[in-house]
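Enquirer: Let me see the structure of the following:
(2 chains)
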Amino acid sequence: MKYKYLLLLICAPLFMATECRRNYFFPDPDDNGLSRFTSRGYNTATAYINDAPFVNIASYYPLLQKDSLGNSIDTLKFSWALYPSDLLNHNSIYHDISFLLPVSSSFSKNDLLALNGQRLLNSTTVIIKDSALKAISGTATLYFVSVTENLSFPPQKYIRLSGLFDGNIGDSVHITKGRFDFDVNENYLNF
Amino acid sequence: MKLKVAFVLVLYLNMPSNANAQSFIAFSTGILKDLNNSNNTFYHIPLSVRIEPFKRSGFFIEGNYGLPFTRKTYAEAYTANSALPAHVTLQEVIKPGILTVNIGGEIRLYTERKSTNSIYLDLTIGVSSQHFKVSYKNYDNRNYEVLNPDVSTDSSGLVIGMAVVYNFNKPGQNMFLMLQVQTPPLVSNYQIYAMTYKLMAPLQLTFGYKLFNHKK
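Expert: Just a heads-up that it's a prediction; the model follows:
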C-alpha cells in the first residue's frame, strides 16, 4: 500500500508537468462508457480494455517526453492515467497507459507535428499497469489523426494531439476503440 | 415621456377596435427557412393553425409544425484497424424537427379604404421544441470513429416572435399572407460541445385561409 502512494507521489508531478487547460467528457452514444472522438483539446482519453471502458480523469494530464538512452535512438513516451469508467467494477483495474515510440535523438517539436495523419501500424510498444501495479507490455497501433499547433491562447502555445489506438498485450489483454484528444503545453516539452 | 404615453395610448386604442370582428380559425402553409445556421441552413414546410377565440380581442393562440427537409453534409471517420483504410468520408444526414405553440396579440397598421385589405403586426411569445436527428450513411461504427461527431438532440425553450400579416378582406376571400420571424429557443442546458448545427430561428412565409365563426 505504501508503495502505491509513493508511486502516485512520484508520478503526479510528471503528469502535471504537461499542464493542460481543461477536461471535458462527452459520452459517445455508440460506445457505452467512452468519450466521443474529438480534436478540440478536451483532454480526454478513453478505451475499452477487455471490453470494459476506461477513462483518464481530470487533473491527470498526459505525459509527453523524450527519454534519452544515450545513443542515436531515443524513446518518445506518451502516457496518461486510466481508470475504470465504472468505479465499482473492481475486477478490471488497469492504471496507466503508455506508448513508447522510437525516435531519433534529434527529435524536435517539428518532428512531433510531422506525425500528423500518421498511422503507426502494430509498431508501437504499449505498457499498462495491472491491478498489482505490475507493468505489462504489448504491441499497439497508434494513429495520430491530427497533430497541430494551437496558438489560440496566447502567450501559451499548445500542441493539440488527437487520435486512435488499439493493441494487444499477450492473449489476455485487448485494448480496443481507444481515442485521445489532448492540448499539451509546449513549455513543458523536453524536446 | 409624452411620447411613451402617446405610444401606449395608440396601442390601447388600436388593439381592440382593429381586431377581427368575429372569432376565427386560420390554416396556413408555405416555406420556412432557418436564419441561425447561415452556412448550411434548414428548410421546412410549415403547417400553422391560428385560433382567435374572442371577438375583437386581437388575442390568438397559434401552433406551428414544420415538415422537414433533411440536410446532407459530409463527415470524416478514421480507424486504427490495420486491415481497413485509415480514413473514409461519410454522408451525414440531419433531420430537423420543430413544433411551436404561441400566444400573441395583433395590432392593425394599415387598412386600404376601398378594398378594406389590411396589414397587421403580430407579436408572439411561446414555447418551441426542436429536435435534430443525426445519422451517418453506411457508417461502420464497430471499426470507424467519426471525428467531432454531431449527435441527436432535443431542446425546448421560450421563444418570442413577430409577424407581418396582409389580410385580403374582400367578401369570400378571407385569405392572408404572413411573414413571421422567431428567436431560437432559450434553453438552460447550454451545451459546450460544438456541433455543425445550432438551434433554429425560423423565418416563414405562409399563405392561409380564415374560417370565421359567424354566430352572434
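Enquirer: Assign a three-state SS to residue A:139, would you?
Expert: Following DSSP: H, G, I helix; E, B strand; the rest coil, the label given to residue A:139 is strand.
Enquirer: who's in contact with it?
Expert: For residue A:139, the contact set (Cβ atoms under 8 Å, 6 or more residues apart in numbering or on different chains) comprises A:122, A:123, A:124, A:125, A:126, A:167, A:168. Using the backbone N, CA and C atoms, a C-beta is placed for each residue, glycine as well.
Enquirer: Just the ones in strands from the residues you listed, please.
Expert: A:122, A:123, A:124, A:125, A:126, A:167, A:168 (DSSP state E).
Enquirer: right, and the pair among those residues with maximum separation?
Expert: Farthest pair in those (Cβ to Cβ) is A:123 and A:168. Separation: 13.3 Å.
Enquirer: neighbour count winner among these two?
Expert: Shown here are residue A:123 and residue A:168; by other Cβ atoms under 10 Å in any protein chain shown, residue A:168 has more neighbours (16 against 13).
Enquirer: how many other residues sit next to the nearest residue to that one once chain neighbours are set aside?
Expert: For residue A:168, ignoring the flanking residues on the chain, the nearest one in space by Cβ to Cβ, 6 or more residues apart in numbering or on different chains is residue A:138 at 5.2 Å. For residue A:138, the count of nearby residues is 18 (other Cβ under 10 Å).
Enquirer: wait, residue A:138 sits on residue A:167?
Expert: Yes. If you go by Cβ atoms under 8 Å, residue A:138 and residue A:167 touch, sitting 5.6 Å apart.
Enquirer: and the helix or strand harbouring residue A:97, what other elements does it pack with?
Expert: Under the criterion of DSSP states H and E, residue A:97 resides in strand A:96-104. When contacts are defined as 3 or more Cβ pairs under 8 Å, 6 or more residues apart in numbering or on different chains; DSSP states H and E, strand A:96-104 packs onto strand A:73-81, strand A:119-129, strand A:135-150.
Enquirer: Give the partner strands of it in its sheet and their orientations.
Expert: Neighbouring strands of strand A:96-104 in its sheet, by DSSP bridges, are strand A:73-81 (antiparallel), strand A:119-129 (antiparallel).
Enquirer: mind listing what's buried in the top strand by length along chain B?
Expert: Using DSSP E to define each element, chain B has its longest strand at strand B:87-111. For strand B:87-111, a neighbour-count test (16 or more other Cβ atoms under 10 Å in any protein chain shown) marks B:88, B:90, B:92, B:94, B:96-98, B:100, B:102, B:104-108 as buried.
Enquirer: Save those residues as CSV, and put in distance to residue A:185 too.
Expert: Below are the buried residues of strand B:87-111 laid out as CSV (distance: Cβ to Cβ, whole Å):
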residue, distance to residue A:185
B:88, 33
B:90, 34
B:92, 33
B:94, 36
B:96, 40
B:97, 43
B:98, 43
B:100, 46
B:102, 50
B:104, 53
B:105, 57
B:106, 59
B:107, 58
B:108, 63
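Enquirer: Redo those residues as CSV? Include pLDDT and distance to residue A:159.
Expert: Formatted as CSV, those follow (pLDDT from 0 to 100; distance: Cβ to Cβ, whole Å):
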residue, pLDDT, distance to residue A:159
B:88, 97, 26
B:90, 97, 28
B:92, 97, 28
B:94, 97, 32
B:96, 97, 37
B:97, 97, 41
B:98, 97, 41
B:100, 98, 46
B:102, 96, 50
B:104, 96, 53
B:105, 95, 57
B:106, 92, 59
B:107, 93, 59
B:108, 91, 63
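Enquirer: Look at residue B:142 and tell me its secondary structure.
Expert: Following three-state DSSP, residue B:142 is assigned to coil.
Enquirer: ranges for the helices of chain A?
Expert: A:2-16, A:109-113 (DSSP state H).
Enquirer: Would you mind listing what in chain A touches chain B?
Expert: Neighbours of chain B within chain A, by Cβ under 8 Å from any Cβ of the partner chain: A:24, A:26, A:28-31, A:36-40, A:119, A:121-122, A:141-143, A:145-146, A:162, A:164-166, A:177-179.
Enquirer: quick one, what contacts the closest residue to residue A:48 other than its chain neighbours?
Expert: Among residues not flanking residue A:48 along the chain, residue A:176 sits closest, at 4.7 Å (Cβ to Cβ, 6+ apart). For residue A:176, the contact set (Cβ under 8 Å, 6+ apart) comprises A:47, A:48, A:51, A:166.
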